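Student: model this:
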Amino acid sequence: MSEQGKKTHGLPLGEPDSPPAFGCVVYLSQKSEGSVSARVANLDGVELTAASEREALAKIVPLFRDKISAWVQAGEAIPWIDPIEPPAEGEYRRFLPVHL
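Tutor: Numbering: from 1, shown residues only. Below is the predicted model:
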């Protein structure tokens, strides 16, 4: 396997000239009033409530992208949560590759 094809823990993923992509692990849960709660499991401080899973994922991606972009542009290390805690009871997981 080539160096580029190897899976690495220190994202970004992709070809050297392509926009970087980062793995966004989202835990979702259904709220009693019918809404959906979402939180990024591998990055602290990104969470929200939305009317549906689709809406939650659509809203959480730009929040995640903005936080990552700020660290990348500043040349700072991204404070990933590693290892990621398992989902709490009632939560389920989605993985989203997010391009900057």
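Student: What's the local residue count around residue 41?
Tutor: By other C-beta atoms under 10 Å, the residues close to residue 41 number 21. For every residue, glycine as well, the C-beta is placed using N, CA and C.
Student: what residues are up against it?
Tutor: 25, 26, 27, 81, 84, 85, 87, 93 (C-beta atoms under 8 Å, 6 or more residues apart in numbering).
Student: next one: phi and psi at the closest residue to residue 39 other than its chain neighbours?
Tutor: Spatially, and ignoring its direct neighbours in sequence, residue 39 is nearest to residue 47 (3.7 Å; C-beta to C-beta, 6 or more residues apart in numbering). Recorded main-chain torsions at residue 47 are phi -150, psi 160, according to degrees, to the nearest 10.
Student: List the contacts of residue 47.
Tutor: 37, 38, 39, 40, 60.
Student: Which of the three states applies to the third one?
Tutor: Going by DSSP: H, G, I helix; E, B strand; the rest coil, the secondary structure assigned to residue 39 is strand.
Student: Test my guess that it contacts residue 26.
Tutor: Yes. With contact defined as C-beta atoms under 8 Å, residue 39 reaches residue 26; the gap is 7.0 Å.
Student: This protein: strands as residue ranges?
Tutor: For the chain, the strands defined by DSSP state E cover 21-30, 36-40, 47-50, 91-99.
Student: Burial-wise, tell me which of the ones you listed comes out on top.
Tutor: Each of the strands of the chain was scored by mean neighbour count; the highest is strand 36-40, a mean of 20, by mean count of other C-beta atoms under 10 Å.
Student: what are the pairing partners of that strand, and which direction each?
Tutor: Strands that pair with strand 36-40, judged by DSSP bridges, come out as strand 21-30 (antiparallel), strand 47-50 (antiparallel).
Student: And the helices in this protein?
Tutor: With DSSP state H as the criterion, the chain has helices at 53-74.
Student: excluding its backbone neighbours, what's nearest the residue most central in space within the chain?
Tutor: Residue closest to the average C-alpha location in the chain (C-alpha atoms, centre = their mean): residue 24, at 1.8 Å. Leaving aside its sequence neighbours, residue 24 sits nearest to residue 96 (C-beta to C-beta, 6+ apart; 4.4 Å).
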